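In: Here is a sequence together with a model predicted from it:
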Amino acid sequence: MIDVVIDISGIYGRVTDLGGRVGVQAYDAASSSAIKLSNGMVIYLREVSTSLALVCMVREKNFRKRGLIDYNIDTFKQALSEIFDDKKA
C-alpha cells in the first residue's frame, strides 16, 4: 500500500524547486490513501513525517468520521514534531 501511494504520488505529485534542483515531491502533508476491504474494514494511510507513515485499520462505519480521524492524526503529528524538535535543541 505504501509503495502504491508513493508510486502514484510520484506520477501525479507536485514539481518542487529544492534549492536549485527541480524534483517531484512524492507526497505532502495532505497525502493519504484509503482502501475499503470486503470484510467491512478500511485500511487508511496518512503521511506523518518525511520518513514515517501511519497505517490503521478502521471499521467502515467509523471511517465515516474521517474528519475526527484526521484531527487525531494531525494532533499526533504535532506531538511528534514537538518531541523531536526538543531533542535537537
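Out: Received the coordinates, thanks.

In: For this protein, which segments count as strands?
Out: Using DSSP state E, the strands of the chain run over 14-18, 21-25, 32-36, 41-49, 52-59.

In: Show me where the chain dips below the pLDDT cut-off.
Out: 1-30, 50, 86-89 (pLDDT under 70).

In: let's go with 80 and repeat that
Out: Scanning the chain for pLDDT under 80 picks out the ranges 1-31, 49-52, 84-89.

In: Identify the single longest helix in this structure, thanks.
Out: Longest helix of the chain, by residue count under DSSP state H: helix 66-88.

In: helices or strands up against that one?
Out: Here helix 66-88 touches strand 41-49, strand 52-59, going by 3 or more CB pairs under 8 Å, 6 or more residues apart in numbering; DSSP states H and E. For glycine as for every other residue, the C-beta is placed from the backbone atoms N, C-alpha and C.

In: Tell me the buried residues in stretch 67-84?
Out: 69, 73, 77 (16 or more other CB atoms under 10 Å).

In: Perfect, I'm done here.
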